[in-house]
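**Student:** Next comes the sequence, and after it the predicted model I'd like to discuss.
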Amino acid sequence: MNILQIQSLDVGYNSKTVLQDINLAVTAGQFISVIAPNGTGKSTLLKAIAGILKPMSGTICLHDKALTNYSRRELAQQIAVVGSEVTMQEYTALQMVLMGRFPHIPRFSGPTPHDHTIVQTAMEEAGVWDKRLQSCSELSQGERQKIIIARALAQQPKLLLLDEPTAHLDVSNQFSILHLIKKLALNKDMAVIAVMHDINLALQFSTDLLFLKKGRILAYGNCRDVATSYNLRQLYDMDFTLHSDAAATYVRPNIME
Amino acid sequence: MKHLLARPRVLLSISTLLLAALALYMLTVGTAAVPIDAVFSVILDQLFGITSPDISSTQQIIVWNIRWQRVALAMIVGSGLAVSGACFQTMFKNPLADPFVLGVSSGAALGAAISIVTHRTELMIILAFTGAILSLTLVYFFGQRSVHIRSDQQLLLAGIACGAMLNAILSALVALHSGQMQMILFWLMGSLTNYMDSLLPILVIVVLGLAGALLYARDLDVMALGDEEARFLGVDVAKVKLFLLVSTTLMTGACVSVSGIIGFIGLIVPHLVRKLIGPEHLILLPLSAICGAGFLLLADGLTRLVPLVSGIPVGVVTALFGSPFFLYVLYTAGRRIQ
């Protein structure tokens, strides 16, 4: 069954349409990288799927029920979002991850031992359990990003949305975080949609690619089908050379003389 | 100390005990000293009906009718203002936000001034309260007509603009009615001596306000990360904000209507508590209430005990002693970060 089903979606701000005629079906186990030139509406797409931007027309269904029929709390039980800009305040890492349980804890009670177990598991999976008592403001960028991912895991979502999860990170952190996300998508009966900047990272870790151009879907499918030099040329108006070896496919822009 | 800060329940209990001790001390001191055992006897008599023979009726009147009234008022107003300030700072992600910045106090002040210039001072409390509610309605109406999603900046700016307008009307009233100028100005400076009626309605409003804020303590924790992030985590930000705006305005309106404008408590007390125990609202809010109560009690004690400042409105004292202390804390905290 599809986790997410988007049908002829138009979305934008005020009267300005940013994305048009988006059709998308997403099932568990998919790790979709959204690749697009700057200003194409990648973040807009994530906001629409997260339910904080109402469709102008068309529908977005989560488990066959329109997003608009969910409350914020119900949505947060199903969808977790990892933004690109992270504000932390003076919370400890543990307090931060515990916030992921917020949509699951009823108003008149507090976190139970069950919630604490989930938080511990999430932090261990993200490799930050030993940082739990540190203030988030003392942690490095990479550690903070892992804290936010642990928080998203603590939400126990069916759909994980990430907006440039590896921006501002060094190569080793980029790899460890994307590796973690890929593992989660495969193991957890969960779908991942990530806006990515680096097409090579996307090719290496995700199962599917979604190319957006001028507010429309240019191509969508598994990496091997979508990452063709024709599609890349359409996407960026530049020529690319593709290299394939046993492990993955690499893309290199042709240097313009 | 660090050990203690990690155990919020112990910290809350200790600070409550300290506050009670301070309140008891404030009941014993004044122009006529009343021994502590007499204070105890009066309190037992009034609250639980356990009468003891050894208290004079003068002591009874001094402790219960005069000092208790004032001590209780100081604690209620102090905690109400501190809790409102704590909520506002989180809701608007702005360290400068407090009920006064949003124009709530200007509305209350205008209502009170109208009652003074029309010689209807018996309506002062109702008019001040109405003024507070009306100014918030105005600010909220303009503040949320934002092009994008309801932005905090918009609401703050609307608050400042409405506050400026209301203050201008207030100044005009003062200028036109120079006869009552002194009374209006004294009220504006904040004082705990004006109010002599039953404290019960004010107490109920402040207690309900604190309870309401505590009910949304975990929502506030999440909202401190930003409105969008809070919505991703399942907080109905617009609903929570509206609820807390209304409840904090009721609290502030109630406090301002009985004590005039006592500034600085809503600003500095939550800041200091936040520095001490961190941003978790389930502890931050009640501890702010206790510290706000203690702070105003101390400031009021100064106006009663220190001859130099006696007769000066307590609102002036809170600013006079509060701001240097706040600056000191800012300075030392700044150094620690470097």
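**Tutor:** Perfect, thanks for sending it.
**Student:** going forward, measure contacts between C-alpha atoms and count neighbours the same way
**Tutor:** Will do.
**Student:** Let me see the ranges of the strands in chain A.
**Tutor:** A:2-13, A:16-27, A:31-35, A:57-62, A:65-66, A:79-82, A:159-163, A:191-195, A:208-213, A:216-222, A:240-244, A:249-253 (DSSP state E).
**Student:** Quick check: A:Arg72 vs chain B, distance?
**Tutor:** 5 Å (Cα to the nearest Cα, to the nearest Å).
**Student:** right, and that residue touches B:Gly234 too?
**Tutor:** Yes. Using Cα atoms under 8 Å, A:Arg72 is in contact with B:Gly234, at 4.7 Å.
**Student:** for the chain, which spans come out with low pLDDT?
**Tutor:** With no chain named, the answer covers chain A. The model of chain A has pLDDT under 70 over residues A:256-257.
**Student:** Not quite, go with chain B.
**Tutor:** For chain B (pLDDT under 70), the answer is B:1-6, B:54, B:144-152, B:194-196, B:333-338.
**Student:** isn't A:Ile148 right up against A:Leu98?
**Tutor:** No. In this structure A:Ile148 lies outside contact range of A:Leu98 using Cα under 8 Å: 10.6 Å.
**Student:** Now do the buried residues in stretch A:133-144.
**Tutor:** Under the neighbour-count criterion of 16 or more other Cα atoms under 10 Å in any protein chain shown, stretch A:133-144 has A:135-136, A:141-144 buried.
**Student:** Which members of those residues are the farthest-apart pair?
**Tutor:** For the buried residues of stretch A:133-144, the maximum inter-member distance is 14.4 Å, found between A:Ser135 and A:Gly142 (Cα to Cα).
**Student:** Residue of the stretch 151-300 of chain B nearest chain A, please.
**Tutor:** B:Gly234 (4.0 Å; Cα to the nearest Cα).
**Student:** which parts of the stretch 151-300 of chain B sit against chain A?
**Tutor:** B:215, B:218, B:222, B:224-226, B:229, B:231-236, B:278-280 (Cα under 8 Å from any Cα of the partner chain).
**Student:** and with 6 Å instead?
**Tutor:** By Cα under 6 Å from any Cα of the partner chain, the residues of the stretch 151-300 of chain B that approach chain A are B:225, B:233-234, B:236.
**Student:** Next, format these as CSV and append secondary structure and neighbour count.
**Tutor:** Output for these, formatted as CSV (DSSP: H, G, I helix; E, B strand; the rest coil; neighbours: other Cα atoms under 10 Å in any protein chain shown):
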residue, secondary structure, neighbour count
B:Leu225, coil, 18
B:Leu233, coil, 30
B:Gly234, coil, 26
B:Asp236, coil, 17
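**Student:** mind checking how far B:Asp45 is from B:Gly226?
**Tutor:** 51 Å (Cα to Cα, to the nearest Å).
**Student:** again with A:Ser71
**Tutor:** A:Ser71 is 19 Å from B:Gly226, by Cα to Cα.
**Student:** What count of nearby residues applies to residue 126?
**Tutor:** Because you didn't say which chain, this covers chain A. A:Ala126 has 22 neighbours, counted by other Cα atoms under 10 Å in any protein chain shown.
**Student:** wrong one, chain B
**Tutor:** Using other Cα under 10 Å, B:Ile126 has 19 other residues around it.
**Student:** Equivalent analysis for A:Ile79, please.
**Tutor:** The number of residues packed near A:Ile79 is 26, by other Cα under 10 Å.
**Student:** Kindly report the same for the one 5 residues further on.
**Tutor:** Taking other Cα under 10 Å as the neighbour definition, A:Ser84 ends up with a count of 16.
**Student:** Could I get the contacting residues of A:Leu4?
**Tutor:** A:25-26, A:61-62 (Cα atoms under 6 Å, 6 or more residues apart in numbering or on different chains).
**Student:** Between B:Asp45 and B:Gly226, which has more neighbouring residues?
**Tutor:** Taking neighbours as other Cα under 10 Å, B:Asp45 and B:Gly226 compare with B:Gly226 leading, 20 against 15.
**Student:** mind checking which helix or strand the residue lying closest to B:Ser247 once chain neighbours are set aside is in?
**Tutor:** In this structure, B:Ser247 finds its nearest non-sequential neighbour in B:Gly209, 5.4 Å apart by Cα to Cα, 6 or more residues apart in numbering or on different chains. Assigned by DSSP states H and E, B:Gly209 belongs to helix B:200-215.
**Student:** What is that helix packed up against?
**Tutor:** helix B:237-259 (3 or more Cα pairs under 6 Å, 6 or more residues apart in numbering or on different chains; DSSP states H and E).
**Student:** downstream neighbour of the helix it packs on in the secondary structure list?
**Tutor:** helix B:265-277.
**Student:** if I pick the residue in the stretch 151-257 of chain A that chain B sits nearest to, what's in contact with it?
**Tutor:** Taking Cα to the nearest Cα, chain B has its nearest neighbour within the stretch 151-257 of chain A at A:Gln155, 8.2 Å off. Shown in contact with A:Gln155 (Cα under 6 Å, 6+ apart): A:100-101.
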